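K.L.:
Show me how the following folds:
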Amino acid sequence: MSSKNWIRTIRDLIMILIAAGVYASGISLFLDPNNLAPGGVTGISVILNRLCGIETGTLYLLLNIPILILGIWRFGFRFILKTAYATVMTSAFTNLLSGQGALTEDPLLAAMAGGVLIACGIGLIFKAGATTGGTDIIVKILRQRYRHLKTGFLFQCIDITIVAISGFVFRDLNIALYALMAVLISGRTLDYILYGGDEARMIYIVTNKPIEVGQKLMEEIKVGVTYLKGRGGWTREEKDVIFCVVRKQLAPRVEETVKQEDASAFLIVTSANEIYGEGYKDFFEERI
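P.N.:
Numbering: from 1, shown residues only. Sure thing, here's the model as predicted:
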């Protein structure tokens, strides 16, 4: 292995270690002590802990063993080595922090804080090329087959099912609803961590001054523009349509610039969640 690969591996292991601590903090300091089962293998572990008394972190590790075996078959030993490391560290941190007790006994605050922390942990571990095991592996398999489905959405589908089960086990609808809130917050936060930085605005500009508007956008806002050929439906006249994609924070500046140059211009502004190419993501990198 080259020195560059060694450095990258060490960096990933350190990131996984930190992420496992963050993930475990959300479980042991907020969710678990407030009887909130956040879905996934962790949620199942919380439920089983109340039924059999075995530590949540230990149950988490035991439940992950068959899933890790599935992961070895699907992704190979190299991927699973990192995931096994993440799973063991998460289990260890969960048991270690469980003795600290809840940082808050307010179930609403616990759901919010716990949901954000476990999403941050999962997101960092995914970026390091691993998972926390459990349903993470199942989600990763589904993502390879159904790439149009976002990671957070898939987690929510699985987690909501487990949260519903926890409501029957604990026989407390309020607790189940708080756990559901943690799941929804976690899913939304995870999508933001994995995709939020790429969110942009896709803008079509129909103007009688395409050259002037395009030049001003390129010079003043430093955005690339593409001229598309269009034809008016009523007038049948040919004209250039400006197409550009910008970071969402730059969209108001684009609109203002167009307005200053041509007040009668026609704009279509829509969201673009995933952008590949220069200045955005590499098309050939592995999608999470």
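K.L.:
Mind listing what's buried along the helix or strand containing residue 58?
P.N.:
Using DSSP states H and E, residue 58 sits in helix 56-75. By 16 or more other CB atoms under 10 Å, the buried positions in helix 56-75 come out as 56-57, 59-61, 63-64, 67-68, 71-72, 75. Yep, even glycine has a C-beta here, placed from its N, CA and C like the rest.
K.L.:
Which element is encountered next along the chain beyond it?
P.N.:
Toward the C-terminal end, the helix or strand that comes next after helix 56-75 (DSSP H and E) is helix 77-98.
K.L.:
Buried ones in that following helix, by neighbour count?
P.N.:
Here helix 77-98 shows 79-80, 82-95, 97-98 as buried, counting by 16+ other CB under 10 Å.
K.L.:
Check which helices and strands it sits against.
P.N.:
Packing partners of helix 77-98 (3 or more CB pairs under 8 Å, 6 or more residues apart in numbering; DSSP states H and E): helix 3-26, helix 56-75.
K.L.:
Next up, the contacts around residue 41.
P.N.:
Applying CB atoms under 8 Å, 6 or more residues apart in numbering to residue 41 gives the contacts 60, 63-64, 67, 133-135.
K.L.:
make it 10 Å
P.N.:
59-64, 67, 87, 90, 132-138, 158, 162 (CB atoms under 10 Å, 6 or more residues apart in numbering).
K.L.:
so the helix or strand of the chain with the lowest mean pLDDT versus helix 56-75, what angle?
P.N.:
Lowest by mean pLDDT, DSSP states H and E among the helices and strands of the chain is helix 135-145, with a mean of 77. Computed by axes from the mean of the first three to the mean of the last three CA atoms, to 10 degrees, the angle separating helix 135-145 from helix 56-75 equals 30 degrees.
K.L.:
what's next to helix 135-145, contact-wise?
P.N.:
39-44, 64, 67-68, 70-72, 74-75, 79-80, 83, 86-87, 122, 125-126, 130-131, 149-155, 157-159, 162, 286-288.
K.L.:
So which other helices or strands are in contact with whichever helix or strand comes after it?
P.N.:
Heading C-terminal from helix 135-145, the first helix or strand you meet, by DSSP H and E, is helix 151-170. Applying 3 or more CB pairs under 10 Å, 6 or more residues apart in numbering; DSSP states H and E, we find helix 151-170 packed against helix 40-52, helix 107-127, helix 135-145, helix 173-195.
K.L.:
Those: which one's closest to residue 33?
P.N.:
Closest of the helices and strands packed on helix 151-170 to residue 33 is helix 107-127, at 7.9 Å (criterion: CB to CB).
K.L.:
can you give me the mean pLDDT across the closest one?
P.N.:
In this model, helix 107-127 has a mean pLDDT of 92.
K.L.:
could you measure residue 13 against residue 86, distance?
P.N.:
9 Å (CB to CB, to the nearest Å).
K.L.:
residues bridging contact with those two, i.e. touching both?
P.N.:
With CB under 10 Å, 6+ apart as the test, residue 13 and residue 86 both reach 128, 130.
K.L.:
Please work out which of the helices and strands packed on helix 151-170 is packed deepest.
P.N.:
helix 107-127 (a mean of 23; mean count of other CB atoms under 10 Å).
K.L.:
Now it - C-alpha only, PDB.
P.N.:
Below are the C-alpha coordinates for helix 107-127, written out as PDB (Å, rounded to 0.1, in the frame of the first residue of the first chain):
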ATOM      1  CA  PRO A 107     -38.300  13.800  25.500                       C
ATOM      2  CA  LEU A 108     -38.700  16.600  22.900                       C
ATOM      3  CA  LEU A 109     -35.200  17.900  23.400                       C
ATOM      4  CA  ALA A 110     -33.800  14.400  23.600                       C
ATOM      5  CA  ALA A 111     -35.500  13.500  20.300                       C
ATOM      6  CA  MET A 112     -34.100  16.600  18.600                       C
ATOM      7  CA  ALA A 113     -30.600  16.300  20.000                       C
ATOM      8  CA  GLY A 114     -30.400  12.600  19.600                       C
ATOM      9  CA  GLY A 115     -31.700  12.700  16.000                       C
ATOM     10  CA  VAL A 116     -29.100  15.300  15.000                       C
ATOM     11  CA  LEU A 117     -26.200  13.500  16.600                       C
ATOM     12  CA  ILE A 118     -26.900  10.100  15.100                       C
ATOM     13  CA  ALA A 119     -27.300  11.600  11.700                       C
ATOM     14  CA  CYS A 120     -24.000  13.400  12.000                       C
ATOM     15  CA  GLY A 121     -22.400  10.200  13.100                       C
ATOM     16  CA  ILE A 122     -23.800   8.200  10.200                       C
ATOM     17  CA  GLY A 123     -23.000  10.900   7.700                       C
ATOM     18  CA  LEU A 124     -19.300  11.100   8.700                       C
ATOM     19  CA  ILE A 125     -19.000   7.300   8.700                       C
ATOM     20  CA  PHE A 126     -20.500   7.100   5.200                       C
ATOM     21  CA  LYS A 127     -18.100   9.700   4.000                       C
END
